[in-house]
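A.B. asks: starting from these lines, generate the structure:
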Amino acid sequence: MKTYEFFIPGPLPGLNEIIDAAKVVMNSGKKAPSIYSKMKTEWDEAIVRIILQNEIPALGSILIAFIWIEKDKRRDKDNIEAGKKFILDALVSSGIIKNDGWGEVDLGKPEFAVNKECPGVIVKIKPIERKRS
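C.D. replies: Okay, here's the model as predicted:
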């Protein structure tokens, strides 16, 4: 089966940025739209555009692997990997997978690299068959 691959320029937000953005913003005693909601929408739209440019067809279940490329080694690996939330959600938004649950997504072993000039993430997707029970 064919493996599909695409690159998302980054770096993507890490867990620390996501947590900071998710904090409730108060405006005159009323809950304002969260910064996280805006962040998620912007990343979803950007990643969906990249997915569509790469002409990836709708797939059933997938094995997905990430190669996280950072500018330097300042962020912890677990912080970096939180960006996969945006990627998996964009795969659902674009119709590549129906949802990102256990029945549709298997995660491959993450890899990490440093490239000061070109941070981002390489995403590799391989369709897999699920046995029906």
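
A.B. asks: for the rest of this, base every contact and every neighbour count on C-alpha atoms.
C.D. replies: Fine.

A.B. asks: isn't P11 right up against E117?
C.D. replies: No. With contact defined as C-alpha atoms under 8 Å, P11 does not reach E117; the gap is 11.2 Å.

A.B. asks: name all residues that make contact with G103.
C.D. replies: G103 sits next to S61 when contact means C-alpha atoms under 8 Å, 6 or more residues apart in numbering.

A.B. asks: mind running it again at 10 Å?
C.D. replies: Residues near G103 by C-alpha atoms under 10 Å, 6 or more residues apart in numbering: G60, S61, I62, R130.

A.B. asks: repeat that for W102.
C.D. replies: Going by C-alpha under 10 Å, 6+ apart, W102 touches S61.

A.B. asks: if we go to 7 Å?
C.D. replies: By C-alpha atoms under 7 Å, 6 or more residues apart in numbering, no residues touch W102.

A.B. asks: ok, and the closest non-adjacent residue to the residue positioned nearest the centre of the chain?
C.D. replies: In the chain, the centroid-proximal residue (C-alpha atoms, centre = their mean) is I87; its distance is 2.1 Å. Counting by C-alpha to C-alpha, 6 or more residues apart in numbering, I87 lies nearest to I47, which is 6.8 Å off, once chain neighbours are set aside.

A.B. asks: kindly confirm my reading that that neighbour is in a strand.
C.D. replies: No. According to DSSP: H, G, I helix; E, B strand; the rest coil, the state of I47 is helix, so it is not within a strand.
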